[in-house]
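Participant: Just to be clear, the model below is a prediction. Sequence and coordinates:
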Amino acid sequence: MNHAHTQASHHGAPHSHDHAMDGQAEILDLDAELLAEHTASITAWLPLRTAPHHIVDLGCGTGTGTFALLDRFPDAHVTAVDSSAEHLRRLRAKACARGIEERVRTLQADLDDDAWPDLGSPDLVWASASMHHMAHPDRALRTVHDTLAPGGLFAVVELAGHPRFLPENAPDGRPGLEERVHAAADRRQAEHMPHRGADWGPLLTAAGFTVEGERTIAVHLEGSRSEAIGRYATGVLRRIRSVVADRLSAEDLTALDQLLDTSSPHGISRRDDLTVRTARVVWAARRS
């Protein structure tokens, strides 16, 4: 799971600068908490021939993938790469709190640069919600291919759209508001991130990989499971609002602001009908 963009930065993509990092980092941390079981199911599914010893997490954010992979592979160490110094600082603090700082190397780098830093020859490269941010994904895929050890695996995880939180008939007076907000965000993102929602299978094949698996993970969490869902919904929709406000009707913007008002009894965080509904698509590709 940028991402300072409308997808709320799920899963930590490469960033060009650190604006609104605190809010973005909180969303990444909530994403990691709420979807931990789904992330673990992805790491368990990976068609690895042997347990990896060196893993690279591209666009690591605050460490969702990094720590899931360290949990899954207790003998591995991870090179965590992101362009946000703040995200890397938070990741490092988490590693220290867990007493596993010696298993984590953080590396600040912009993956849209022509020359990548030396990442060694990892057995596994993990890129969650980061590839669609690349200005030149074809070049990035070839670089990953050449970086991997022979026989190594590349796992690409992408979101199948923004998470949904509200029932279709919500809120009162402006039913369907969430879908209209997401539609505006989708149109804006299509202008700036044309690879969002791409089928990475053919792109991976063109870069020299052999695609060995593809899987879609459906997510449906009931709001009653955790109060964190209310904070997650507020954070995600607040970040989306910051980039689509000029594309919404006055009525929709007013209704959205009422939902985002944490002091209001009508705020989204106080609703008892929240869910998290989304999906993740995973491609597992091998360097032969």
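Facilitator: Structure received.
Participant: all helices of the stretch 1-150 of the chain, in order?
Facilitator: Using DSSP state H, counting those that start in this stretch, the helices of the stretch 1-150 of the chain run over 21-34, 36-45, 64-72, 85-98, 137-147.
Participant: Point out the most buried one among the ones you listed.
Facilitator: Of these, the one with the most neighbours on average (mean count of other Cβ atoms under 10 Å) is helix 64-72, at a mean of 24. Where you see a C-beta, it was placed from the backbone N, CA and C, and this is true even at glycine.
Participant: Is residue 279 bridged to anything, and to what?
Facilitator: Residue 279 forms beta bridges with residue 218, as assigned by DSSP bridges.
Participant: got it, and the one 5 residues further on?
Facilitator: Per DSSP bridges, the residues bridged to residue 284 are residue 155, residue 213.
Participant: Identify the spatial nearest neighbour of residue 116, chain neighbours not counted.
Facilitator: residue 143 (5.8 Å; Cβ to Cβ, 6 or more residues apart in numbering).
Participant: how far away is the one you found from residue 274?
Facilitator: Distance, residue 143 to residue 274, using Cβ to Cβ, to the nearest Å: 40 Å.
Participant: Next, the angle helix 64-72 makes with the helix or strand of the chain with the lowest mean pLDDT.
Facilitator: Sorting the helices and strands of the chain by mean pLDDT, DSSP states H and E puts helix 21-34 at the bottom, at a mean of 83. Helix 21-34 runs at 40 degrees relative to helix 64-72, counting by axes from the mean of the first three to the mean of the last three Cα atoms, to 10 degrees.
Participant: helices or strands next to helix 21-34 in the packing?
Facilitator: Helix 21-34 is packed against helix 64-72, helix 85-98, helix 228-244, with contacts defined by 3 or more Cβ pairs under 8 Å, 6 or more residues apart in numbering; DSSP states H and E.
Participant: got a list of contacts for the first one?
Facilitator: Contacting residues not belonging to helix 64-72 are listed as 1, 11-12, 28, 31-32, 35-36, 39-40, 42-44, 55, 57, 60, 76, 78, 80, 91, 94-95, 98, 100, 103-104, 124, 126, 128, 157 [Cβ atoms under 8 Å, 6 or more residues apart in numbering].
Participant: re earlier: the helices of the stretch 1-150 of the chain: lowest mean pLDDT?
Facilitator: Mean pLDDT is lowest for helix 21-34 among the helices of the stretch 1-150 of the chain, at a mean of 83.
Participant: OK, contacts around the residue of the chain most remote from its centre?
Facilitator: Most distant residue from the mean C-alpha position of the chain: residue 173, 32.3 Å away (Cα atoms, centre = their mean). With contacts defined as Cβ under 8 Å, 6+ apart, residue 173 is in contact with residue 255.
Participant: Tell me how far it lies from residue 251.
Facilitator: Distance of residue 173 to residue 251, computed by Cβ to Cβ: 8 Å.
Participant: Mind checking what secondary structure residue 269 has?
Facilitator: Using DSSP: H, G, I helix; E, B strand; the rest coil, the structure places residue 269 in helix.
Participant: In the sheet, which residues pair with residue 124? Tell me.
Facilitator: Counting by DSSP bridges, the residues bridging with residue 124 are residue 55, residue 153.
Participant: That one and residue 49 touch, don't they?
Facilitator: No: between residue 124 and residue 49 there is no contact under Cβ atoms under 8 Å: 10.7 Å.
Participant: which one of the two has more residues nearby?
Facilitator: More neighbours surround residue 124 than the other of residue 124 and residue 49, with 25 against 10 (other Cβ atoms under 10 Å).
Participant: separation between the more buried one and residue 284?
Facilitator: Distance from residue 124 to residue 284, by Cβ to Cβ: 10 Å.
Participant: what touches both of the two?
Facilitator: By Cβ under 8 Å, 6+ apart, the residues touching both residue 124 and residue 284 are 46, 153, 154, 155.
Participant: State the distance from residue 127 to residue 154.
Facilitator: Using Cβ to Cβ, we find residue 127 at a distance of 7 Å from residue 154.
Participant: The two: who's more crowded?
Facilitator: Set side by side, residue 127 and residue 154 show more neighbours around residue 127, with 31 against 27, by other Cβ under 10 Å.
Participant: Excluding chain neighbours, what is closest to that one?
Facilitator: Spatial nearest neighbour of residue 127, excluding adjacent residues (Cβ to Cβ, 6+ apart): residue 58 at 4.3 Å.
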